[in-house]
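Chemist: here are the coordinates; sequence isn't available:
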Ligand code: HEM
């Protein structure tokens, strides 16, 4: 049975991989497919290996059986979640969803590359330490002096085609995406510092950067451009004291662009938030399982834990205001811009030695984090999003992440729909109150996030698009408005007479606040649309 389930998963995975694989070249699609199939095949082998001694060395995936024999027709295959992050395994991808590591990499990011990439003259990947605007000793780095592009000419063209170690591939991907973004966006940063305009980026990525970047991206099944999880945010931290946790004060950056303390605060805040995601994954799976089995007690318990974990994550997010100052954000933001739907790259970027066709990629963005999309899918908010071009952007963002995360999100979406999570919650007033509290945590996140966008970005620039290429004024409110509307709908259906006393006041407070915020949001967006152009362009 398990073997069949895993085989079905492998087929589903193949379809997913083909969907997510870069459309540009058939070789990249094939590499991504074969990689994902290798991982699935390994899972199958590991589950069906009889010998106890071999079993001990093997990964322990947890299979989730989502069907009983009578409901095969609507069965959604389970999803293997890592209970053990398998830190010593270098053959499966660095990013695999787990109940311990959540959406973080299975191992702490590799911070120092092997010698062969770091000791070549005259310039090697260790030269990245000279790249930031401000170096550790306070002196101006290559980017500040406008010398990075020139320095890149001396970078040897490494052949990365033989590398199979997933940890090394992840580190090389991170470093090459830093080189590529710094190279492409250096002229924009120089102009922005002088005039407040970004002008045009470099439109050709030289082959000594493009070829190895594409090689390594294909091997890990990523797009050949800086990503949130795989490079800038979640593969870019180092524990100062290895015996201590992933907490503020114990983490430093591997690669900064600016070297400004606010960049450290910006990135590390994401990491400390995501360090809670294992708990979130665990209780999301328990909630799905409970809805599937119509187990009310487990459902209420698991969903309450989802709420309390989002609460922790939201409290952590609130520390952003002190860790990363609003006035500093635009100093490093230029380098995380994308090449898709960005005025600086009207014709995309040619990857020399790879293809004559220009490529377009969304920039690094928290939109590629998986915690909120998981909540959207669990609470069936994704299917309530309006059918419009802004929602199409949301779906496009969901392809910019490690494959295993994308596949997991699809699983949660399909399973929640099959188990009718929202409907099951609404059948009982107290479950509906917990469901409302869970949606309120997503509101809390998106509302604070909208405040960040106004205070860190819109206050300082009229540039019409965010780093991920979404319209700065209209995109975030598209999702926030859906969350507020859902809260109004769910709240209206709750029979207050059936509520426990503590839930009565909760429901009242949450629904009133949702009403008020929906009105304020409408007014704000209408006003900002008059101040910033091109907000209907996606
Ligand atoms: C100073 C702090 C932040 C600013 C200014 C900011 C800005 C933005 C902007 C402008 C977007 C729109 C998408 C795009 O890039 O095109 C976005 C999306 C997003 N960001 Fe952030 N962000 C911040 C911090 C965070 C943090 C700490 C997280 C935590 C994981 C996060 C997660 C997200 C998510 C999930 C989305 C998608 C929102 C949605 O689905 O409605 N952001 N961010």
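Modeler: Arrived safely. Everything quoted here is computed from the prediction, not taken from an experiment.

Chemist: Tell me which residues touch the residue of the stretch 301-450 of the chain found nearest the ligand, please.
Modeler: Of all residues in the stretch 301-450 of the chain, residue 366 sits closest to the ligand, with a separation of 2.4 Å (Cβ to the nearest ligand atom). C-beta here means a position set from N, CA and C on the backbone, and glycine is covered the same way. By Cβ atoms under 8 Å, 6 or more residues apart in numbering, the contact list for residue 366 reads 228, 233, 270, 449.

Chemist: Got the phi and psi for it?
Modeler: phi -60, psi -20 (degrees, to the nearest 10).

Chemist: hang on, the earlier thing: output the contacts of residue 366 as CSV; include the columns pLDDT and secondary structure.
Modeler: Listed next are the contacts of residue 366 as CSV, based on pLDDT from 0 to 100; DSSP: H, G, I helix; E, B strand; the rest coil:
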residue, pLDDT, secondary structure
228, 98, helix
233, 98, coil
270, 98, helix
449, 97, helix
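
Chemist: Among those, which ones lie close to the ligand?
Modeler: 270, 449 (Cβ under 6 Å from any ligand atom).

Chemist: Close to the ligand: what parts of the stretch 401-538 of the chain are there?
Modeler: 446, 449, 452-453, 456-457, 466-470, 475-476, 479.

Chemist: what does the protein have sitting close to the ligand?
Modeler: Counting by Cβ under 6 Å from any ligand atom, the chain sits next to the ligand at 266, 269-270, 273, 317, 320, 324, 329, 365-367, 369, 372, 394, 446, 449, 452-453, 456-457, 466-470, 475-476, 479.

Chemist: Among the residues you listed, which lie within helices?
Modeler: 266, 269-270, 273, 317, 320, 329, 372, 394, 446, 449, 452, 475-476, 479 (DSSP state H).

Chemist: can you give me the strands for this structure?
Modeler: Listed in chain order, the strands of the chain (DSSP state E) span 61-62, 81-82, 204-205, 237-239, 251-253, 350-351.

Chemist: now, of those, which is deepest in the fold?
Modeler: Sort those by mean neighbour count, taking mean count of other Cβ atoms under 10 Å, and strand 81-82 sits at the top with a mean of 23.

Chemist: Distance from that one to the middle of the chain?
Modeler: 18 Å (Cα atoms, centre = their mean, to the nearest Å).

Chemist: again with stretch 427-434
Modeler: Using Cα atoms, centre = their mean, the distance from the centre of stretch 427-434 to the centre of the chain it belongs to is 30 Å.

Chemist: Equivalent analysis for stretch 198-208, please.
Modeler: With Cα atoms, centre = their mean, you get 25 Å for stretch 198-208.

Chemist: Give the rounded mean pLDDT of it.
Modeler: The average pLDDT for stretch 198-208 rounds to 98.

Chemist: Geometric centre of the chain: which residue is closest?
Modeler: Centroid-nearest residue in the chain, with Cα atoms, centre = their mean: residue 369, separated by 2.3 Å.

Chemist: Isn't that one up against residue 229?
Modeler: Yes - with contact defined as Cβ atoms under 8 Å, residue 369 reaches residue 229; the gap is 7.3 Å.

Chemist: OK, contacts around residue 109?
Modeler: 170-171, 174, 235-238, 254.

Chemist: In these, find the pair that's most separated.
Modeler: Spatially, the most separated pair among the contacts of residue 109 is 170 and 238, at 13.9 Å (Cβ to Cβ).

Chemist: Can you say which of the residues of the stretch 401-538 of the chain next to the ligand are buried?
Modeler: Among these, those scoring as buried are 446, 449, 452-453, 456-457, 466-470, 475-476, 479 (criterion: 16 or more other Cβ atoms under 10 Å).

Chemist: Looking at those, which is nearest residue 497?
Modeler: residue 446 (31.2 Å).

Chemist: Filter the contacts of residue 366 down to the buried ones.
Modeler: The buried subset of those - by 16+ other Cβ under 10 Å - is 228, 233, 270, 449.

Chemist: so who does the closest residue in space to the first one that isn't next to it in sequence touch?
Modeler: Just to be clear, that refers to residue 228. With sequence-adjacent residues excluded and distances taken as Cβ to Cβ, 6 or more residues apart in numbering, residue 228 is closest to residue 368, at 3.8 Å. Shown in contact with residue 368 (Cβ under 8 Å, 6+ apart): 227-229, 397, 400-401, 468.

Chemist: Max pairwise distance over those: which two?
Modeler: 229 and 468 (13.3 Å).

Chemist: No further questions, thank you.
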